[in-house]
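In: Quick one, fold the following:
(one chain, ligands or ions: 1)
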Amino acid sequence: MASIDTLTLPLDQTSAADLAASGLEYARVDADGDGFRPFQRAVARGFLGGESTDDEAENARTTLRTRRLTAVYDRRGVEPEVPVGTIDSWASELTTSPGRTTALWSISAVTVAPTHRRRGIARSMIGGELRTAAAAGFAVAGLTVTEATIYGRWGFSPAAWASDVEIDTGRARWTGPTAPGRLDFVPRDAVVQRLSAVHERVRVQRPGSVPGWDGRWRGVAGLAPGDKSAEKVRAVSYRDADGDETGILVYTIDERDDFSSHDLDVRAIFAVDGEASAALWRFAIEHDLVGRVKAWLQPAVPPVQWMVADRRAVKATLTDHHWLRILDVPGALTARRYAAGLDLVLRVTDPLGFAAGAWRLHVGADGEAEVAAVDGDPAADVELTVGALGSILLGGVRPTELAQTGLVSGAVEALADLDRTFAPESTPLLDIWY
Ligand SMILES: CC(C)(COP(=O)(O)OP(=O)(O)OC[C@H]1O[C@@H](n2cnc3c(N)ncnc32)[C@H](O)[C@@H]1OP(=O)(O)O)[C@@H](O)C(=O)NCCC(=O)NCCS
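Out: All right, here's what the predicted structure looks like:
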């Protein structure tokens with residue numbers, strides 16, 4: 001799909017009519033117009049944040065200028081210009097197989113004012129996004145969630161998982177490889193560009209990943225206004241023996257009472273290969289005066305567990321992280337490479353209709369899929385919900401595991417074939433929030 005300017009797409013008229021029936025107005029917000037500050041206030045309030053300063057608002061504007069901002073207004077309110085509902089979206093890219101990506105309709109900033117909750121405003125806004133995305137040709141929508149209870153009803157489901165990691169450095173003891181390259185501190189003003197460069201190389205190889213953006217990297221680098229830890233941010237990069245920068249670690253040291261046992265909080269650790277990963281984790285674990293290393297959004301089984309004497313010194317707490325919603329079955333299923341050939345009929349149930357139907361999935365010996373709608377009411381080899389299809393899309397969970405839960409059903413052989421075909425080349429991971 002050619003790159004698309006989501007800012008020019010029309011407002012969804014179904015949602016506009018539904019909201020109008022409740023006396024509410026559905027409207028686009030221009031990041032450079034008067035509606036931006038109230039929009040931003042509403043988002044901050046929705047996520048329980050404080051009022052932003054002018055600097056913080058300007059910083060947010062830089063990112064949000066490229067996004068499609070949509071708001072819901074209750075014009076009878078005391079502050080009619082402050083939305084009671086907010087959502088933002090943009091065209092991103094989802095890595096589906098190493099070196100291969102597809103267009104992703106990314107959604108963020110979903111908030112409804114506490115005074116207006118549970119009246120269907122979120123339902124209208126999310127429905128509006130999905131219809132707009134589907135009409136524009138996006139096969140997949142995605143988001144990261146604050147609560148796991150909200151988005152399943154709209155067909156989103158976890159497709160990539162991530163671990164929060166906590167390492168007791170006293171127990172861990174490095175046993176991993178010694179990297180032959182070198183570590184250097186990165187000057188503050190170079191962190192954004194170098195984070196972005198390493199992350200770009202990492203994310204295109206990792207199913208489940210999306211690109212970062214300047215505002216995200218400025219935040220990691222401690223350059224966003226209002227960052228109370230900004231002065232503590234440090235970064236080191238790893239260059240291999242050929243001088244290629246293949247890894248970067250951004251961290252702060254959080255002081256604890258025991259001066260010999262501070263926390264090292266990882267803000268980002270991106271490594272193109274195992275060598276860079278080993279170098280950076282070793283740096284963190286063996287850092288003087290550090291008793292604990294904390295990192296977020298790491299692989300489900302973090303590689304560092306294999307590189308220390310006591311793997312239980314590395315505690316990993318798993319959570320669902322990247323939620324996907326399939327809007328177009330042929331578009332989504334042909335977006336990746338598969339591990340084995342296959343020919344069967346899938347029946348997908350989807351209360352919102354986008355993915356519903358029977359689909360013949362043929363995967364050739366080259367791992368490429370062809371998908372066609374099957375008319376009538378054919379016998380299906382496998383039946384599954386649209387959420388289950390989103391969850392197996394990148395191979396983050398096996399169809400046979402979901403069959404244990406009733407979300408997928410079919411003959412044992414068909415499910416085993418599906419398992420083999422959907423096995424990922426690399427375990428899906430999303431290493432940022434969006
Ligand atoms: C989550 C939030 C956006 C929901 O908005 P809302 O307008 O109250 O939601 P709706 O009235 O459209 O509810 C639609 C459905 O979702 C359910 N729902 C809404 N919020 C929910 C929550 N936090 N947990 C579980 N279910 C929720 C409703 O009960 C309703 O269920 P139904 O399909 O059975 O009728 C709102 O509560 C909010 O702003 N929360 C704080 C910010 C936040 O967490 N945003 C999500 C970011 S990922």
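In: tell me which parts of the stretch 151-300 of the chain are close to the ligand?
Out: By Cβ under 6 Å from any ligand atom, the residues of the stretch 151-300 of the chain that approach the ligand are residue 153. To be clear about C-beta, it is placed using only N, CA and C from the backbone, and glycine gets the same treatment.
In: so what pLDDT did residue 301 get?
Out: Here the pLDDT value assigned to residue 301 is 96.
In: Is it part of a helix or strand, or is it coil?
Out: Here residue 301 takes the coil state, with states given by DSSP: H, G, I helix; E, B strand; the rest coil.
In: State the phi and psi torsions of it.
Out: phi -110, psi 100 (degrees, to the nearest 10).
In: tell me the SS of the residue of the stretch 301-434 of the chain found nearest the ligand?
Out: Per Cβ to the nearest ligand atom, residue 323 is where the stretch 301-434 of the chain lies closest to the ligand, at 9.0 Å. Assigned with three-state DSSP, residue 323 falls in the strand class.
In: how many neighbours does the nearest residue to it once chain neighbours are set aside have?
Out: Among residues not flanking residue 323 along the chain, residue 156 sits closest, at 4.3 Å (Cβ to Cβ, 6 or more residues apart in numbering). Residue 156 has 25 neighbouring residues, counting by other Cβ atoms under 10 Å.
In: where do the helices sit along the chain?
Out: Per DSSP state H, the chain carries helices over the ranges 13-21, 36-46, 54-64, 121-135, 169-172, 191-203, 214-220, 274-285, 329-333, 386-392, 399-403, 412-422.
In: Turn those into TSV, including mean neighbour count and mean pLDDT.
Out: Shown next, in TSV, are those (neighbours: other Cβ atoms under 10 Å; pLDDT from 0 to 100):
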stretch	mean neighbour count	mean pLDDT
helix 13-21	16	98
helix 36-46	20	97
helix 54-64	16	94
helix 121-135	22	98
helix 169-172	18	97
helix 191-203	19	98
helix 214-220	19	97
helix 274-285	22	98
helix 329-333	21	98
helix 386-392	26	98
helix 399-403	20	98
helix 412-422	18	98
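In: Which residues are in contact with the most centrally placed residue in the chain?
Out: Geometric centre of the chain, nearest residue: residue 322, 4.3 Å, by Cα atoms, centre = their mean. Each residue near residue 322 by Cβ atoms under 8 Å, 6 or more residues apart in numbering is listed here: 142, 144, 158, 159, 160, 162, 208, 428, 430.
In: same thing with residue 387?
Out: Contacts of residue 387 (Cβ under 8 Å, 6+ apart): 152, 155, 156, 157, 407.
In: re the thing from before, now the helices of the chain as CSV including distance to residue 348?
Out: Conversion of the helices of the chain to CSV gives the following (distance: least, Cβ to Cβ, whole Å):
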stretch, distance to residue 348
helix 13-21, 22
helix 36-46, 32
helix 54-64, 34
helix 121-135, 14
helix 169-172, 45
helix 191-203, 28
helix 214-220, 33
helix 274-285, 38
helix 329-333, 6
helix 386-392, 6
helix 399-403, 13
helix 412-422, 13
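In: so which of the ones you listed gets nearest residue 70?
Out: helix 121-135 (6.7 Å; Cβ to Cβ).
In: Identify the residues contacting the closest one?
Out: So helix 121-135 is contacted by 6, 9-12, 14-16, 18-19, 24, 26, 70, 72, 84-85, 87, 89, 105, 107, 110, 112, 141, 150-151, 154-155, 325, 327-328, 352, 354 (Cβ under 8 Å, 6+ apart).
In: and if you look at stretch 68-84?
Out: 6-7, 9, 11, 19, 23-31, 34-36, 38-39, 41-42, 85-90, 109, 112-113, 115-116, 121, 124-125, 128-129.
In: centre of the chain versus that stretch, how much separation?
Out: 28 Å (Cα atoms, centre = their mean, to the nearest Å).
In: quick revisit: model confidence score at the residue nearest to residue 323, please.
Out: At residue 156, pLDDT is 98.
In: Equivalent analysis for residue 3, please.
Out: Per the predicted model, pLDDT is 67 at residue 3.
In: next one: residue 344
Out: Reported pLDDT for residue 344: 98.
In: Next up, the contacts around it.
Out: 360, 361, 381, 382, 414, 417, 418.
In: Beta-bridge partners for it, please?
Out: As for beta bridges, residue 344 partners with residue 361 under DSSP bridges.
In: and what of residue 163?
Out: Here residue 163, judged by DSSP bridges, has bridge partners residue 298, residue 318.
In: can you check residue 97 too?
Out: residue 100.
In: What about it, how many residues nearby?
Out: Residue 97 has 21 nearby residues by other Cβ under 10 Å.
In: before we move on, what about the one 4 residues further on?
Out: Residues near residue 101, counting by other Cβ under 10 Å, number 19.
In: will you turn the contacts of residue 344 into TSV that also has distance to residue 173?
Out: Listed next are these as TSV, based on distance: Cβ to Cβ, whole Å:
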residue	distance to residue 173
360	54
361	48
381	50
382	47
414	47
417	44
418	42
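In: List only buried entries from the contacts of helix 121-135.
Out: 6, 9, 12, 15-16, 18-19, 24, 26, 70, 72, 84-85, 87, 89, 105, 107, 110, 112, 141, 151, 154-155, 325, 327-328, 352, 354 (16 or more other Cβ atoms under 10 Å).
In: Break this structure down into its domains, please.
Out: 6-143, 162-319, 329-422 (automatic domain parsing).
In: Indicate which one of those domains is closest to residue 434.
Out: Across those, closest to residue 434 is domain 6-143 (Cβ to Cβ), at 5.7 Å.
In: is the ligand contacted by that closest one?
Out: Yes - using Cβ under 6 Å from any ligand atom, domain 6-143 reaches the ligand at 46, 47, 110, 111, 112, 117, 118, 119, 120, 121, 122, 123.
In: Out of the helices and strands in the chain, which is least certain?
Out: helix 54-64 (a mean of 94; mean pLDDT, DSSP states H and E).
In: And the contacts of it?
Out: So helix 54-64 is in contact with 31-32, 36-37, 40, 52, 88, 213-216, 218, 224-226, going by Cβ under 8 Å, 6+ apart.
In: out of the residues you listed, which one sits closest to the ligand?
Out: When these are compared against the ligand (criterion: Cβ to the nearest ligand atom), the nearest one is residue 88, at 11.1 Å.
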